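*Asks:* Quick one, fold the following:
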Amino acid sequence: MHATMTLSLVVSATVLACHLGSSSLGGVQAFFTPAVGPKRFESGFTTFKPRAAAVSPLFAAHTLSSSTSGGPTGTFFHEEKMEVMIGGKMLTFETGKIGRTADGSVTIQQGDTLVYASACAENKPQELDFTPLRIDYFERFSAAGMTSGSYTKRDGRASDREILVARLIDRPLRPMLTEAWTCETQVLSWVFSYDGVHLSEPMAICAASAAVAISSIPMAAPVAGVQVGRVEGKLVINPTRQEMINSTLNLMVAGTEEGILMIEGAADFLPEEVLIEALKEGQAAISTICRALTEWSEHVGKKKRMDLLAIAPPELKTLIYEGYAEDIDRALKSGNRNAYSASLHGIEDAIVARYAKEGGREEGVYLGRDLKVEFKKLVKQRMALMVAAGKGRADGRKANEVRPIAIEMGVLPIPHGSVLFTRGETQALVTVTLGNKGMSQRTENLDGSDQKRFYLQYSFPPSSVGEVGRVGAPGRREVGHGNLAERALIPMLPTEEDWPYAMRVESMIMESCGSSSMASACGGSLALMDVGVPLRGHIAGVAMGLLMDEAVEEPIILTDILGLEDAFGTMDFKICGDATGVTTFQLDIKCQGLTFEVLGKALKQAKEGRLHILGVMEEACPAPRKEMRENVVRINQVKINPSFIGKLIGPQGRQIRAIIDQFSLSELDVSDQGVVSICSTSTENNLAAKKFIEEMNKDDVKASSTVAFEGPMPEVGAVFRDVEIKGIQSFGVFVEILPGLQGLVHVSELNNKRVVSVEALYKSGDRVDVKLLGINEKGQLRLSRKALLEDEGAAGDIKKGGGPARAGRTAAGGGEGGGEGGGERGAPRSPRPKSPPGAEKTAARAP
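*Replies:* Residues are numbered from 1 along each chain as shown. Now for the predicted structure:
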């Protein structure tokens, strides 16, 4: 039996009161379950009964539907849809068809890019003082019509890109799940379809949020994410992939209807004022999506499992405050990181030992997780009160003060570049290794394969915080921190044409007490200069914190935060750049949104700290090293005519190997464009090899600057005498029959006898007679020397020594370009390795 029910209604949505008048974003349509009569929602969205009246083209009304269907197997689908117009692009949310056994499942589509997200949670709370949340994001190669390049042809472990996108989802979603929710929770996202135009990152954030919003998992408010680009000075919401290529800003921002939760991005020395403007534009779009998700979840969402929330009893806060506030104050001022960490852990353990009872609560006895939650809240409050009262921070600094900095350049003898960067109790040992193109990092994603000539790898051993733990493959945090520092340094790097090296930066954290990723960015800049990379200037980074509590009137912005301030504070806002602007930024918060006023103040204070750090760095290393260390590979480049590549490589690579051996090179790389990279640890050897290659190619280099052919095209059958060979390939020779007009004489058309090796018979600059046999539809010439020999009744003229005699001439000295003394007398000849004994016998033989 098959049944179908359809309901049609029209929903017109308009942002009636947007806090950003300059924004043109808005327009929402939604597929809701049946509702009786028109209703006006407080969020500014209005529903109407279907009517044929004209509507604004910007906020056009839409016909919406909700359907239920079933088949012979008894499987039923009840599909619900919602469409949100953002920046002129339609986002379509759908649930009820795919992944129906999940607690919440949603697909989101823009263009032909489709992302699926599911949310599930256990039904048993755990004895934890945090939410056990796991978020994963996967890009299936089949989504782009591809398959994995691995041996098994199967998508494997998460790539760095998938980890970074998973972090983008996690960071805004986690604050919306209160610590009172302690059931094991998992949110999964997959890219099922990718059109190469619409980017999946902002869609993945929205899909994950929607899946949780319509599930039974308690959530404070829906979140949404958008990407903001800046193309030709104009801000673009959710730009296409092509627009992002031309964008000077790559900003991912996520938040709720009321405020911003997460920022991640990079820019080309963007002024702080422009960044705030971009954040406002992004927040306007986020508010539009969040209002729609709120309304949608009310109609299609499940009842929340509020009964599973672990709410601490109200009297616990007063109990801990009265008994331990003074002890916490003393612990916060007890000295260095190890001292106050040990003191605070001791107080927490004492509270748990005194009041906790596992598995339940009797009068005067509380759950350990409730005690830990209230203890953290009290530490946060006492820290804020301490700074607000002018008593300073845990290490005695003022709110806007940077810790003392020590820099030691060239600390290691063998690595190409190294620096030990110490800021307070945070220390990074950063090294740089240079190499040729073969050292580039290869990546594979839905946009295809790529190579990164610059990459930064960050490691955080457990010893950096005095602990014992696993050491091995990098964790999510390490991947994220390394990516942040890497993106900070990219705008300062020289172009590949000016600096043909691949660069690998490694940052190992030796001590950690906050801002280790910013120490990696600073150390990376210094280490690159230590090796001699011609950076345009230094990049510095600083992490900003925030202390907020109901006991404090105004939020307190902290510069260069400690690990303690990161753990118990409200914000971790990392900003990198130079004196002119910002190159990268990352924001994580633990509250439910920040205002633009707070963000603006944090950016201003961060610039002051960044300028201070830049001053210290420039004093320690004012300019790049002039001479690289002896063990650093030197790369010299020379441009040759692409048609000469075959001759440079030689049959089976013999020529290029001979050059490598003759000049003691480590590698000789030739690109398809004719750029030859000469690599060795000796500049003298490189220059000698470069001169040798230029001598071999001197005539081809001249040919690359030949004037353009202006026509008219010659007639088929025309004969051209004494034309110059411009290039040699294994399949034939290229000759210039008229100024600027070249054509191929295929190996089969060179002689009426068999030619085995073109390279052994000819060299660039030799001259031959040819006949034009034809011109194809692309304008390419088909030339023949063989046809001309047959027309003139000449016999095959391949001689011992490999060179054909010049047609129509009897000059002594042998054929053109052939044997010893071949060619015109006195003509300069390009140096080439001597042929091995017997080569003249195998160069050409009669059929």
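
*Asks:* Go ahead and confirm Pro494 touches Gly532.
*Replies:* No - in this structure Pro494 lies outside contact range of Gly532 using CB atoms under 8 Å: 11.1 Å. Every C-beta, even on glycine, is put in place using the N, C-alpha and C of the backbone.

*Asks:* quick one, which of these two is more surrounded?
*Replies:* Gly532 (20 against 14; other CB atoms under 10 Å).

*Asks:* tell me the contacts of the more buried one?
*Replies:* 417, 624-628, 632 (CB atoms under 8 Å, 6 or more residues apart in numbering).

*Asks:* Considering those, which is situated nearest to Gly609?
*Replies:* Pro624 (24.6 Å; CB to CB).

*Asks:* what's the nearest residue to the closest one if we skip its chain neighbours?
*Replies:* Among residues not flanking Pro624 along the chain, Met529 sits closest, at 4.5 Å (CB to CB, 6 or more residues apart in numbering).

*Asks:* And for Ala384?
*Replies:* Closest residue to Ala384 apart from its sequence neighbours, by CB to CB, 6+ apart: Leu547 at 4.0 Å.

*Asks:* Can you name the element that comes right after the helix ranked longest in the chain?
*Replies:* Taking DSSP state H as the criterion, the chain has its longest helix at helix 272-300. Next along the chain after helix 272-300, taking DSSP states H and E as the criterion, comes helix 315-332.

*Asks:* ok, back up a step: could you check how far the longest helix of the chain is from the centre of its chain?
*Replies:* 24 Å (CA atoms, centre = their mean, to the nearest Å).

*Asks:* For stretch 403-412, buried residues please.
*Replies:* Neighbour-count burial for stretch 403-412 flags 403, 405, 407, 409-411 (criterion: 16 or more other CB atoms under 10 Å).

*Asks:* ok, now which ones touch Ala211?
*Replies:* By CB under 8 Å, 6+ apart, the residues touching Ala211 are 102, 104-106, 117-119, 187.

*Asks:* Can you lay out those residues as a markdown table showing neighbour count, distance to Thr580 and pLDDT?
*Replies:* As requested, these are arranged in a markdown table below (neighbours: other CB atoms under 10 Å; distance: CB to CB, whole Å; pLDDT from 0 to 100):
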| residue | neighbour count | distance to Thr580 | pLDDT |
| --- | --- | --- | --- |
| Ala102 | 19 | 48 | 96 |
| Gly104 | 26 | 45 | 96 |
| Ser105 | 24 | 46 | 96 |
| Val106 | 32 | 42 | 97 |
| Ala117 | 28 | 40 | 97 |
| Ser118 | 22 | 45 | 97 |
| Ala119 | 29 | 43 | 97 |
| Val187 | 28 | 39 | 97 |
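
*Asks:* is the residue nearest to Ala384 in a bridge, and if so with what?
*Replies:* Leu547 has the following beta-bridge partners by DSSP bridges: Ile556.

*Asks:* from memory it sits against Leu558, does it?
*Replies:* Yes - assessed by CB under 8 Å, Leu547 is found in contact with Leu558 at 6.6 Å.

*Asks:* who touches both of these two?
*Replies:* 387, 565, 569.

*Asks:* Can I get the buried part of those residues as one PyMOL selection?
*Replies:* Buried members of the shared contacts of Leu547 and Leu558, defined by 16+ other CB under 10 Å, are picked up in PyMOL with:
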select buried, resi 387+565+569
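
*Asks:* out of the shared contacts of Leu547 and Leu558, who's nearest Ala278?
*Replies:* Gly569 (25.0 Å).

*Asks:* show me the contacts for the closest residue to the closest one other than its chain neighbours.
*Replies:* Nearest non-adjacent residue to Gly569, counting by CB to CB, 6+ apart: Gly545, 4.5 Å away. Gly545 makes contacts with 557-558, 561, 565-566, 569-573, as judged by CB under 8 Å, 6+ apart.

*Asks:* No further queries at this time; thank you.
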